[in-house]
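Trainee: model this:
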Amino acid sequence: MSPFARRILQAVLYEGIAIAVVTPTLVLAFDHPPGSAFVLSAVMSGIALTWNYLFNLVFERWESRQTVKGRSLARRIAHGVGFEGGLAIILMPVMAYWLDISLWAAFVADMGLLAFFFVYTITFTWAFDRIFGLPLSAQGAKEA
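Mentor: Residues are numbered from 1 along each chain as shown. Coordinates of the predicted model:
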């Protein structure tokens with residue numbers, strides 16, 4: 001699979017599952033109507049899709065220049081921290097505006113979501129790599 005197709009497939013699968021988890025969480029946590037929670041989830045997903053593509057593009061360029069190939073637990077954790085940390089910064093003002101809450105409340109809410117998504121990101125990318133194989137950036141010369 002081409003790197004472009006791989007990134008698109010990974011992002012779409014990841015965000016589809018994310019919407020299925022975040023929508024009911026927003027409904028329950030903020031007593032928000034399901035329709036509004038779904039739209040917020042979709043908006044956040046759209047932002048996350050863009051961030052996912054851009055972050056993975058940069059991460060894989062960095063990864064391809066590393067002498068040690070493969071995806072160790074440390075590299076997967078670095079990927080998860082980078083992706084989720086950047087996304088938290090981007091989404092915090094969106095959540096504050098949509099839910100009509102303070103930035104602090106949005107930060108606290110975002111931390112709750114991040115606790116789940118940090119583990120989800122690492123688990124998802126591991127499973128995706130097992131099913132679809134490592135990207136070229138993580139493969140050694142003989143594997144590529």
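
Trainee: for the rest of this, base every contact and every neighbour count on C-alpha atoms.
Mentor: OK.

Trainee: contacting residues for the residue nearest to Ile19 when sequence neighbours are not counted?
Mentor: Leaving aside its sequence neighbours, Ile19 sits nearest to Ser41 (CA to CA, 6 or more residues apart in numbering; 5.6 Å). Neighbouring residues of Ser41 by CA atoms under 8 Å, 6 or more residues apart in numbering: 19, 22-23.

Trainee: which of the residues you listed sits closest to Gly112?
Mentor: For the contacts of Ser41, the closest approach to Gly112 (CA to CA) belongs to Val22, at 11.0 Å.

Trainee: measure the closest one to Val39 for me?
Mentor: Separation of Val22 from Val39 (CA to CA, to the nearest Å): 11 Å.

Trainee: tell me who's in contact with Arg76.
Mentor: Ile122.

Trainee: pLDDT weak spots in the chain?
Mentor: Residues of the chain meeting the criterion pLDDT under 70: 136-137, 140-144.

Trainee: can you give me the helices in it?
Mentor: 3-30, 34-64, 73-99, 103-132 (DSSP state H).

Trainee: what's the burial count for Val21?
Mentor: 15 (other CA atoms under 10 Å).

Trainee: hmm, back to that, of the helices of the chain, which is nearest Ala138?
Mentor: Shortest distance between Ala138 and those, using CA to CA, is found for helix 34-64: 6.4 Å.
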